[in-house]
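Asker: Return a 3D structure for these sequence lines:
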Amino acid sequence: MSSRSQSGASGTPLLDRISGPADVRRLAPPELTALAGEIREFLVEAVSKTGGHLGPNLGVVELTIALHRVFDSPRDRLLWDTGHQSYVHKLLTGRKDFAGLRSRGGLSGYPSQEESDHDVIENSHASTALSYADGFAKAHRLRGLTDRHVVAVIGDGALTGGMAWEALNNIAASKDLPLVIVVNDNGRSYAPTRGGLAEHLTTLRTTQGYERFLDWGKDRLRGTPVIGGPLLDTLHGAKKGLKDFVAPQGLFEDLGLKYVGPVDGHDVAQVESALRRARAFGGPVIVHCITQKGKGHAPAEQHELDQFHAIGAVSAKKKPSGPSWTSVFSEEMVRLGAEREDVVGITAAMLQPVGLQAFAQAYPERVFDVGIAEQHAVTSAAGLALGGVHPVVAVYATFLNRAFDQVLMDVALHGCGVTFALDRAGATGNDGPSHNGMWDMSILQVVPGLRVAAPRDGARLRALLREAVEVEDAPTVVRYPKGVVAGDVEAVASVGGVDVLVRPVVGGSQVLLVSVGAMAQVSLDAARLLGERGVGVTVVDPRWVKPVNSTLVGWAAEHELVVTVEDNGRVGGVGSALTGALRDARITTPVHEFALTQKFFEHGSRNELLDESGLTADNIAQTVQELLAAAGTHRLQDVS
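Answerer: Below is the predicted model of the structure:
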């Protein structure tokens, strides 16, 4: 019999009795251990079916229970940095239907304002929650709402981000701000946390009992005649130095922040006690909780790579076999490393997810994991390039957004030979609006001198990565999607750097279809449908999509319609850039852009997002026919 079926005096599982935080507060302390066990059992069973962030949530069960017992959400605002550890919070706020987790129409994998009043931010980009909390608490104060707190939960990995320290610097200046910062310290982000801050937190984790030591010293000295008082004064005056020796939390106290901890994050009573003290203080307080990622699930605890940070659905249908885009990049980086000693890798706390793990194993001195600090990663790359090596900065496409100023002013302005490998470009789907890599080709269009490559298959990814690292006087970008690489699509010809993928078998070509990157198969399918309906289509892949290849401009003048197909946002993408280039060349051939709808998509699969944006062969073919018919150049056939 499972623990859920035998918990509670009434025989009803405790989790079944929880419909909101008030129910959590009504539980007796002895019931909390049983509740934690039921939550872990629920998570392992549910997330194994759907996939999702399992390890982070198993690590914050007791911490989340304590938060909801001490604070009154949603009056008190609980903010989760990144948010992949919010599943327990969802359960305790009445959201227990995990059957559709991370699928269209189901629960989001992150906090979601649409789901619940208990969810405040759904950014899912790390190191931001403290800035949100600072603003929230100041807004409360300005509005005279003095009966509530703001609580920000941030991991030690997210504390490696510079934005978190900018926030701490400002929070510390507001001595009366009722703000509690909970540091969820498990020594990891995706993988073990790197850097000086990680070493400092490790020291705090392994140093026991400064407060107990000081209390013991006071008691002993007060009982010592004559010299006890003066020595106690000396001890008090030396508190800062003594504290740094016994438990060096001075890093936080030097900022002017009250520090509580470290406490056992898996002991509800300890965490509750610490949080109550922090709540009563009346100003900003850091509560340092030590937790274990994957706690309570042996396979996660023993998984050295990332302790089941994110897992796929165990019960999912067999997925298509074949290498992933990431693995192709990973293998080619190792080959490049063997051929060129000047090639180095940089990533932001995602060594394994972006495919640099193998490179790091082969060339450990030539890879740099800077923590969740994309801005630093990019400017450090500029320094490496100026110093005579060629850095490859590998990040998710969505995370390059965070370092745009550094790409523009630190890399491009100085003509630095830096290559950016953007994984998860285009529609990524299940992780929701903040993770879709649909912004990069738009924001990068404005960067002078920067070149962008979009490979259509594994062979082109290898080739274009090699071309990119040969460029030493400007930044280059190679962007590719998430998932399995389809079979290679060979060109029938190559003219001026543009690959021709298909030409009409008979008759002339009315439509020039410009396929961008991974949209090649959709473009080829659309061309086939149009060919069956009597429309001549030439499909081309420019490979390098920024700057616009002049060959495309010349070909556009020879066609009745130009169509672009890309999995970037429609505004400012490749289609927009080509339209501008034709206008500058005074070529009047109309351009129709097929791209992702410019909006924040609800979480769902990549195919669902492409379908929603009309990026299907059927829709492209039908729309092209209608455009030609409207122009009077082709008779619209019945395709129903």
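
Asker: ok, now how distant is Val370 from Arg279?
Answerer: Distance of Val370 to Arg279, given as C-beta to C-beta, to the nearest Å: 35 Å. The C-beta positions use only the backbone N, C-alpha and C, and glycine is treated the same way.

Asker: Name the residue in the two with the higher neighbour count.
Answerer: Each of Val370 and Arg279 has its neighbours counted (other C-beta atoms under 10 Å); Val370 has more, 21 against 17.

Asker: tally of neighbours for the closest residue to the more buried one other than its chain neighbours?
Answerer: Spatial nearest neighbour of Val370, excluding adjacent residues (C-beta to C-beta, 6 or more residues apart in numbering): Ala377 at 4.8 Å. Using other C-beta under 10 Å, Ala377 is surrounded by 27 other residues.

Asker: give me the element Ala377 is part of.
Answerer: Using DSSP states H and E, the element containing Ala377 is helix 374-386.

Asker: tell me what that helix is packed against?
Answerer: Packed against helix 374-386, as judged by 3 or more C-beta pairs under 8 Å, 6 or more residues apart in numbering; DSSP states H and E, are the following elements: strand 343-347, strand 390-396.

Asker: right, and the ones you listed - which one's nearest Val60?
Answerer: The closest of these to Val60 is strand 390-396. By C-beta to C-beta, the value is 23.2 Å.

Asker: How far off centre is whatever helix or strand comes next after the closest one?
Answerer: Downstream of strand 390-396, the first helix or strand assigned by DSSP H and E is helix 397-400. Once both centres are worked out by C-alpha atoms, centre = their mean, to the nearest Å, helix 397-400 turns out to sit 8 Å from its chain's centre.

Asker: Which helix or strand lies directly C-terminal to helix 397-400?
Answerer: Next along the chain after helix 397-400, taking DSSP H and E as the criterion, comes helix 404-405.

Asker: hmm, back to that, got the angle for the helix holding Ala377 vs strand 390-396?
Answerer: Counting by axes from the mean of the first three to the mean of the last three C-alpha atoms, to 10 degrees, helix 374-386 lies at 160 degrees to strand 390-396.

Asker: hmm, who's touching helix 374-386?
Answerer: Here helix 374-386 makes contact (C-beta atoms under 8 Å, 6 or more residues apart in numbering) with 162, 344, 346-348, 368, 370, 391, 393, 395, 399-400, 402-403, 405-407, 410-411, 414, 416-418, 472.

Asker: For Gly554, what is the enclosing helix or strand?
Answerer: Element membership for Gly554, per DSSP H and E: helix 550-556.

Asker: Go through that helix and flag the buried ones.
Answerer: Across helix 550-556, burial judged by 16 or more other C-beta atoms under 10 Å covers Leu552, Val553, Trp555, Ala556.

Asker: Same list (those residues) but as a markdown table, adding distance to Met441 and pLDDT.
Answerer: Supplementary listing: the buried residues of helix 550-556 in a markdown table, determined by distance: C-beta to C-beta, whole Å; pLDDT from 0 to 100:
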| residue | distance to Met441 | pLDDT |
| --- | --- | --- |
| Leu552 | 15 | 96 |
| Val553 | 18 | 96 |
| Trp555 | 21 | 96 |
| Ala556 | 19 | 96 |
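
Asker: Out of those residues, which is nearest to Gly426?
Answerer: Ranked by distance to Gly426 (C-beta to C-beta), those are led by Leu552 at 20.7 Å.

Asker: next SSE after the helix or strand containing Ala595?
Answerer: Here Ala595 sits within strand 591-596, counting by DSSP H and E. Using DSSP H and E, the helix or strand that follows strand 591-596 in sequence is helix 606-612.

Asker: Tell me how far that following helix lies from the chain's centre.
Answerer: On C-alpha atoms, centre = their mean, the centre of helix 606-612 falls 20 Å from that of its chain.

Asker: likewise stretch 92-106?
Answerer: The answer for stretch 92-106 is 20 Å, by C-alpha atoms, centre = their mean.
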